[in-house]
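Trainee: model the following, please.
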Amino acid sequence: MSARIGRTAVCMLLIGASCAIAQNWAQWRGPQANGLAPEKKLPAEWGADKNLAWKVALPGKGWSQPIVWGNKIFVTTAVTENQTKPEAGNFNPVATSDGAASSGPGFPGGIGGFFGFGPPPPPPDKLYSWKLICLDGATGNILWEKTAHEGKPRATVNRNNTYASETPATDGEHVIAYFGNTGLYCYDVSGNLVWSKDLGVYPMQLGWGTGSSPLLYAGRVFIQCDNNQKSFLVALDKKTGDELWRLDRDEKSNWSTPYIWKNKQRTELITAGGSKLRSHNPDNGEILWEMNGAGRNSLTPVGDQELLYADSVDRMMGGRGPIVAIRAGASGDISLKEGETSNVFVAWSSQLRTFRVASPLLYEGCLYMLDQQRGQVRCYDAKTGKEHYSERLEGTKGFTSSPWGNDGKVFCLDETGVTVVLKAGPKLEVLATNKLDEMFWSSVAVMNESLLLRGVDHLYCIAK
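Mentor: Numbers count the residues shown, from 1 in each chain. Got it, this is the predicted structure:
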């Protein structure tokens, strides 16, 4: 084989691999972790008797998003006997043990427990099975089911959280399943365990539990483990689980997933903390720049070639906090001074006083933000920060699932199963409203021309 032919073959293999990744919803929020499926023509209308290809019951409980590679769907769950359900509309922050009474306003540890100073209740004294499940994309039938761990939980979770809230990630060869305080597990796509790792057990604010998903990039698994005891960011070799580098973090509990920002100048690993928003060199963890936050964070940032968009909220009560747009090429401490809304590296910022856990959507020149406790959507001009509109969406409750964009449309799935489809752009225009009768906190996955929506009990495949 000539050198020229050899180079051509290698290039074709790389292009093929890149296309394969682009066509798979292989991680949290899809191929670019931004909730966009630009090459697809997805359904915009559905219901119990319309455009529903299949619906299957999933064992246990979990808020992890499904992921897709080819015709295989991977999802995680945690299973126990007499399992209690999360309850839509219940935003009481009190943690309770699974199987115990989960109603009423009682504060663990008294009022001090409510504000994070008292101890949360102990973990449930019952056996759980933490599972990775592979389903057939055409039928929803289970192809294989593997138990990663069996035992009693080592930490408490909030009544609406689960012990399987972290979304797995895959590259078509490995599947990385992370269960927070329970451990990290790597399988091949046939269900064989390759390696596992115990990263430790750490207390979370108010015993709310964990939710930051693993990031798989350039042969590395990145884990952001922010907690109330010893926070850290770690990079592991995806093939062996060996630690490549680790960075201690001056942070308390956060639930944000790390984000790879490929901008016009470089590739950056972004960690949205509550104390600091930080950019790292993914090769070694070196901090490239940082910015003060408002206290805690559940949102994953999103960006394009020019700007990165990130958010944070007040640590204890939520609500107060800025959304910021950061220019590519930032360095050092880029924090805004008192009274500032922009600086040389911060293009714009806007203070919000609402509860937010759904990650922002950047689509066709607009940035969309959803509120957690009421059905409100905010739309900004992505370049200038001008607010185009801030409106309640009729018939909706709070948003926990992150929005997605496709074919000139913005999809907003609320916790009660109502999805409002908006026309993308600076004016609010509702195109459709769809309803499934179930609680939804998990975010969408895309499989070919279909949507995968995970409710509290079922996985739905929506297809024309």
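Trainee: the nearest residue to N263 once chain neighbours are set aside: neighbouring residues, count only.
Mentor: Counting by Cβ to Cβ, 6 or more residues apart in numbering, N263 lies nearest to A328, which is 3.8 Å off, once chain neighbours are set aside. (Each C-beta comes from the backbone N, C-alpha and C, glycine too.) Residues lying near A328 (other Cβ atoms under 10 Å) number 18.
Trainee: may I have the predicted confidence score for A328?
Mentor: Note for A328: predicted pLDDT of 98.
Trainee: immediately after the lowest-mean-pLDDT helix or strand in the chain, which helix or strand?
Mentor: Here the helix or strand of the chain ranked lowest by mean pLDDT, DSSP states H and E is helix 111-114, holding a mean of 38. Stepping forward along the backbone from helix 111-114, the first helix or strand reached (DSSP states H and E) is strand 128-136.
Trainee: packing partners of that next one?
Mentor: Strand 128-136 sits against strand 72-79, strand 142-151, with contacts defined as 3 or more Cβ pairs under 8 Å, 6 or more residues apart in numbering; DSSP states H and E.
Trainee: can I get these in CSV including mean pLDDT?
Mentor: Formatted as CSV, those follow (pLDDT from 0 to 100):
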stretch, mean pLDDT
strand 72-79, 98
strand 142-151, 98
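Trainee: mean neighbour count, those: which tops it?
Mentor: Among those, judged by mean count of other Cβ atoms under 10 Å, the one packed with the most neighbours on average is strand 72-79 (a mean of 24).
Trainee: contact partners of that strand?
Mentor: For strand 72-79, the external contacting residues (Cβ atoms under 8 Å, 6 or more residues apart in numbering) are 58-62, 64, 66-68, 128-137, 140, 143, 162-164, 166-168, 170, 175, 177, 179, 189, 445, 447, 452, 454, 459.
Trainee: try it again with 6 Å
Mentor: Applying Cβ atoms under 6 Å, 6 or more residues apart in numbering, the contact partners of strand 72-79 are 58-60, 62, 64, 66-67, 128-135, 137, 163-164, 168, 175, 177.
Trainee: kindly export it (C-alpha atoms) in PDB.
Mentor: This file holds the C-alpha atoms of strand 72-79, laid out as PDB (Å, rounded to 0.1, in the frame of the first residue of the first chain):
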ATOM      1  CA  LYS A  72     -29.100  -0.100  21.000                       C
ATOM      2  CA  ILE A  73     -30.500   1.900  23.900                       C
ATOM      3  CA  PHE A  74     -28.600   2.000  27.200                       C
ATOM      4  CA  VAL A  75     -30.300   3.200  30.500                       C
ATOM      5  CA  THR A  76     -29.500   2.900  34.200                       C
ATOM      6  CA  THR A  77     -31.800   2.300  37.100                       C
ATOM      7  CA  ALA A  78     -31.800   1.300  40.800                       C
ATOM      8  CA  VAL A  79     -34.200  -1.400  42.000                       C
END
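Trainee: quick one, that strand and strand 142-151 angle?
Mentor: Using axes from the mean of the first three to the mean of the last three Cα atoms, to 10 degrees, the inter-axis angle of strand 72-79 relative to strand 142-151 is 30 degrees.
Trainee: what packs against the helix or strand that M291 is a member of?
Mentor: Assigned by DSSP H and E, M291 falls within strand 287-292. Counting contacts by 3 or more Cβ pairs under 6 Å, 6 or more residues apart in numbering; DSSP states H and E, strand 287-292 is packed against strand 276-280.
Trainee: other SSEs contacting the strand it packs on?
Mentor: In terms of contacts (3+ Cβ pairs under 6 Å, 6+ apart), strand 276-280 is packed against strand 267-272, strand 287-292.
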